[in-house]
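> got a predicted structure here, sequence first:
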Amino acid sequence: MSPSDFADRGEFAPLADGLGDPADPGNRPARLAVGVVGTGRVGPALGAALQLAGHKVVAASAVSAASRRRAETLLPGVRIVTPPQVLAAADLVLLTVPDDALADLVTGLAATGAVRPGQILVHTSGAHGVAVLEPATAAGALPLALHPAMTFTGTSVDLARLAGCPFGVTAPEELRPVAEALVVEMGGEPEWVPESVRPMYHTALAHGANHLVTLVAQAMELLRTAGVAEPGRMLGPLLGAALDNSLRSGDAALTGPVARGDAGTVRRHLAQLSTVSPDIPAAYRAMARATAQRALARGTIDETSAAALLDVLNEETQ
């Protein structure tokens with residue numbers, strides 16, 4: 001069944017000129033029965049966002065006590081059933097499971113006949129495009145990859161944060177209007193990501209967001225060791241400014257002893273770090289090396305300063 005057949009059955013509002021403006025209510029999907037497979041932090045929030053847009057979450061699957069609580073909080077009254085039962089009840093299914101579990105889940109659902117022709121299957125994995133949904137697509141499903149570029153708490157706070165949130169979207173050309181409409185209804189902004197570069201897209205986000213959390217946690221640990229009672233209050237303005245500057249200016253925002261070529265200060269930093277935690281010195285060295293290379297490429301430091309920095313950074317690893 002083609003997307004146009006699905007629309008002709010009246011389950012989607014017509015899309016003007018084949019595309020239409022997803023912000024126009026006349027070009028948005030008709031009200032759908034929504035199912036959520038996997039009620040971690042993401043699924044219940046997106047389900048709740050779709051409910052706010054007028055859709056109805058009719059079923060969800062949950063295994064752990066924590067996932068059940070999230071479903072009860074964000075999707076009150078929703079039926080907790082098995083994944084095949086979720087698909088049986090829903091027109092639109094959110095597959096919000098871990099990246100590595102997605103392929104097996106889709107293969108299993110397709111093999112058992114749980115997938116219906118014309119059913120919209122949406123996964124939220126940043127690492128995958130729509131190819132991972134191929135077993136379901138072969139069974140007639142309409143595949144969409146909609147990845148919200150945001151960290152989730154699993155609470156109602158996430159609903160407000162979805163406003164203006166970029167979504168990495170991969171979809172067949174004929175389903176682009178549907179993908180856009182769903183993202184807009186959840187409060188997000190679609191950013192088109194070709195299937196071939198989906199791994200690079202996800203790598204970029206994970207490298208920035210995940211490692212940022214680690215760096216901030218390490219900095220807070222060091223400040224506590226230095227006797228600062230509230231490390232968050234001290235770091236907040238500094239890190240907020242650094243993030244804003246780097247997003248606006250890229251490498252031009254580099255500052256600090258490495259960007260200035262202060263090898264002596266870097267040596268003293270390493271001496272302090274060796275007394276605190278075994279993992280922080282390695283992280284400091286790795287980031288300082290990368291910073292030195294970027295500062296050298298930009299011309300902030302010269303080759304002599306860069307060499308001196310690298311000598312210091314390599315001293316305790318030889």
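Good, I have the coordinates.

> so where do the helices sit in the protein?
In chain order, the chain shows helices spanning 3-6, 42-52, 65-74, 83-89, 99-111, 134-138, 157-161, 176-185, 198-225, 231-249, 257-260, 263-273, 280-298, 303-314, with DSSP state H as the criterion.

> what is the orientation angle of the fifth one with helix 198-225?
Using axes from the mean of the first three to the mean of the last three Cα atoms, to 10 degrees, the interaxial angle of helix 99-111 with respect to helix 198-225 works out to 140 degrees.

> pLDDT on helix 99-111, on average?
Averaging pLDDT along helix 99-111 yields 97.

> what stretches of this protein score poorly on pLDDT?
Applying pLDDT under 70 to the chain flags the ranges 1-30, 316-318.

> ok so, going back, minimum distance to Phe167: which of the helices of the chain has it?
For the helices of the chain, proximity to Phe167 was assessed by Cβ to Cβ; helix 176-185 is nearest, at 4.6 Å. Just so you know, the C-beta spots here come from the backbone N, C-alpha and C atoms, and that holds for glycine as well.

> in the closest one, what's buried?
Residues Arg176, Pro177, Val178, Ala179, Glu180, Ala181, Leu182, Val183, Val184, Glu185 are the ones in helix 176-185 that count as buried (16 or more other Cβ atoms under 10 Å).

> please export the C-alpha coordinates of that helix as PDB.
Below are the C-alpha coordinates for helix 176-185, written out as PDB (Å, rounded to 0.1, in the frame of the first residue of the first chain):
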ATOM      1  CA  ARG A 176       8.400  13.600   3.900                       C
ATOM      2  CA  PRO A 177       5.100  15.600   4.400                       C
ATOM      3  CA  VAL A 178       3.900  13.000   7.000                       C
ATOM      4  CA  ALA A 179       7.300  13.200   8.800                       C
ATOM      5  CA  GLU A 180       7.300  17.000   8.800                       C
ATOM      6  CA  ALA A 181       3.700  17.200  10.100                       C
ATOM      7  CA  LEU A 182       4.400  14.800  13.000                       C
ATOM      8  CA  VAL A 183       7.500  16.600  14.000                       C
ATOM      9  CA  VAL A 184       5.700  20.000  13.900                       C
ATOM     10  CA  GLU A 185       2.800  18.600  16.000                       C
END
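
> which helices and strands does that helix pack with?
Counting contacts by 3 or more Cβ pairs under 8 Å, 6 or more residues apart in numbering; DSSP states H and E, the secondary-structure elements packed against helix 176-185 are helix 42-52, strand 142-148, strand 166-170, strand 189-192.

> what's the third one in contact with?
Surrounding strand 166-170, the residues in contact under the criterion Cβ atoms under 8 Å, 6 or more residues apart in numbering are 126, 129-130, 144-149, 176, 179-180, 183, 186, 188-195, 198, 201-202, 205.

> try it again with 6 Å
Counting by Cβ atoms under 6 Å, 6 or more residues apart in numbering, the neighbours of strand 166-170 from elsewhere in the structure are 129-130, 145-149, 179, 183, 188-193, 195, 198, 201.

> ChimeraX command to pick out the buried ones of those residues?
A single ChimeraX command is used to select the members of the contacts of strand 166-170 judged buried by 16+ other Cβ under 10 Å:
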select :129,130,145,146,147,148,149,179,183,188,190,193,198,201
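
> burial of the nearest residue to Pro194 once chain neighbours are set aside, as a residue count?
Counting by Cβ to Cβ, 6 or more residues apart in numbering, Pro194 lies nearest to Thr170, which is 7.1 Å off, once chain neighbours are set aside. Here the count is done by other Cβ atoms under 10 Å, and Thr170 has 25 residues near it.

> what bridges to Thr170?
Under DSSP bridges, the beta-bridge partners of Thr170 are Ala145.

> what about it, distance to Ala138?
For Thr170, the distance to Ala138 under the criterion Cβ to Cβ, to the nearest Å works out to 18 Å.

> with Ala179 instead?
20 Å.

> please apply the same query to Val93.
For Val93, the distance to Ala138 - Cβ to Cβ - is 16 Å.

> what about those two, which has more around it?
When Val93 and Ala138 are compared on other Cβ under 10 Å, the one with more neighbours turns out to be Val93, at 28 against 10.

> contacting residues around the more buried one?
If you count contacts by Cβ under 6 Å, 6+ apart, Val93 has them with Gly35, Leu87, Leu121.

> give me the neighbour count for the first one.
Taking other Cβ under 10 Å as the criterion, the count of residues near Gly35 is 29.

> what's opposite it in the beta bridge?
Assigned bridge partners for Gly35, using DSSP bridges, are Ala59, Val93.

> from Leu296, how far off is it?
Using Cβ to Cβ, one gets 53 Å for the distance from Gly35 to Leu296.

> swap in the second one?
Applying Cβ to Cβ, one obtains 55 Å for the distance of Leu87 from Leu296.
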